[in-house]
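# need a 3D model of the following:
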Amino acid sequence: MPYHPDPTSHDFTTNASNIFIRDFKTRVTPNETQRDTLIVAGVYIVAIAILWHVPYLKVVIYPFKLLTVGFHEMSHAFAGVLTCATIHSIELDPDEGGATRMSGGIPWITLPAGYLGSSFIGACLIACGFNTNASKVASIVLAAFFLLTLWWARRNWLTWLLILGMSGIIVLFWFVAGGIALRYLVLFIGVMSCMYVLWDVIDDTIARKVNTSDASAFADICGCCPSRVWGVIWLVQAFVFFGLGVIVGLVAFKQNKEQQQADSSRFLPIPGASSGGLALLPEWGTAAFFSIVGVLVLFV
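Residues are numbered from 1 along each chain as shown. Take a look at the predicted model:
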């Protein structure tokens with residue numbers, strides 16, 4: 001007997017696929033508050049790209065560059081812990097470099113963990129930057145990471161100054177503008193972390209080959225591909241994480257500004273905190289104001 005496929009089965013699959021596509025488009029379409037967040041993130045990208053390379057002006061983002069280096073080294077350390085390595089120290093230096101000293105572990109995991117981990121952290125922070133309560137949770141998680149990093153970096157004075165300064169900024173931003181300031185700070189750190197990965201991978205492995213880079217060390221272990229190939233792979237991965245961070249933020253946090261303020265007032269509220277005159281500023285104005293204040297406080 002010849003086989004006759006059931007047309008209703010094909011129609012059901014097609015309809016389900018169409019419904020999924022329409023539902024996904026609806027979920028990733030930003031509302032007004034999310035559009036403001038995307039605009040701010042875009043401004044961050046342009047501002048960071050400019051400040052990164054302009055002499056004298058690049059000092060403005062210097063503390064945040066060191067923080068992203070800290071994320072990189074912290075990711076090495078956590079991968080080491082997960083692979084039973086002994087972490088001896090984490091060090092940051094004024095030239096925006098860093099080192100994680102460990103013994104044991106699995107180099108196949110610990111070496112790429114720096115770029116993969118810091119881009120993952122950046123993506124998570126970008127997603128949380130779409131919502132005030134999520135930013136509060138993210139700042140608590142960051143505080144726990146800071147404590148562990150301070151333990152591993154207890155002999156490095158620069159790491160202490162950086163983390164204590166960043167902790168002070170996070171506490172300050174939590175207290176004002178109903179958490180809006182904290183949300184944009186988390187968003188900025190997330191964008192900064194992802195951009196650091198992109199630029200560092202390009203600079204160390206694609207544009208020029210650095211023999212002491214993670215990609216070079218990983219290439220020596222693998223023996224199958226040169227460091228530039230691994231650099232391209234990690235670069236693609238960083239772009240993917242960046243995009244996923246935005247998509248997750250759009251899908252997961254659909255509350256408008258008023259809903260976020262109402263939820264924030266009930267979740268870990270700060271007694272006496274109010275937005276005051278800052279409520280009159282548009283979202284992008286609030287973000288710019290607190291970004292400038294944060295940088296000034298760090299340098300003071």
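# what is the biggest helix by length in the chain packed up against?
Counting residues, the longest helix found in the chain (DSSP state H) is helix 227-252. Applying 3 or more CB pairs under 8 Å, 6 or more residues apart in numbering; DSSP states H and E, one finds that helix 227-252 contacts helix 7-28, helix 32-53, helix 107-128, helix 180-201, helix 214-222. (Glycine included, C-beta is placed from N, CA and C.)
# next one: it to chain centre, how far?
11 Å (CA atoms, centre = their mean, to the nearest Å).
# again, but for stretch 136-152
With CA atoms, centre = their mean, you get 14 Å for stretch 136-152.
# ditto for stretch 195-205
Relative to the chain's own centre, stretch 195-205 is displaced by 15 Å; criterion: CA atoms, centre = their mean.
# buried residues of that stretch, list them for me.
Met195, Tyr196, Val197, Leu198, Trp199, Asp200, Val201, Asp204, Thr205 (16 or more other CB atoms under 10 Å).
# show me the contacts for the second one.
By CB atoms under 8 Å, 6 or more residues apart in numbering, the residues touching Tyr196 are Lys65, Thr68, Val69, Phe71, His72, Ser118, Gly122.
# what angle separates the helix or strand containing the second one from helix 107-128?
So the one you mean is Thr68. Using DSSP states H and E, Thr68 falls within helix 62-82. Orientation check (axes from the mean of the first three to the mean of the last three CA atoms, to 10 degrees): helix 62-82 against helix 107-128 gives 130 degrees.
# next structured bit after helix 62-82?
strand 86-93.
# save the buried residues of stretch 195-205 as a markdown table, and put in distance to Ala134 and pLDDT too.
As requested, the buried residues of stretch 195-205 are exported to a markdown table (distance: CB to CB, whole Å; pLDDT from 0 to 100):
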| residue | distance to Ala134 | pLDDT |
| --- | --- | --- |
| Met195 | 21 | 90 |
| Tyr196 | 22 | 88 |
| Val197 | 21 | 86 |
| Leu198 | 24 | 86 |
| Trp199 | 26 | 85 |
| Asp200 | 27 | 82 |
| Val201 | 27 | 81 |
| Asp204 | 32 | 71 |
| Thr205 | 33 | 72 |
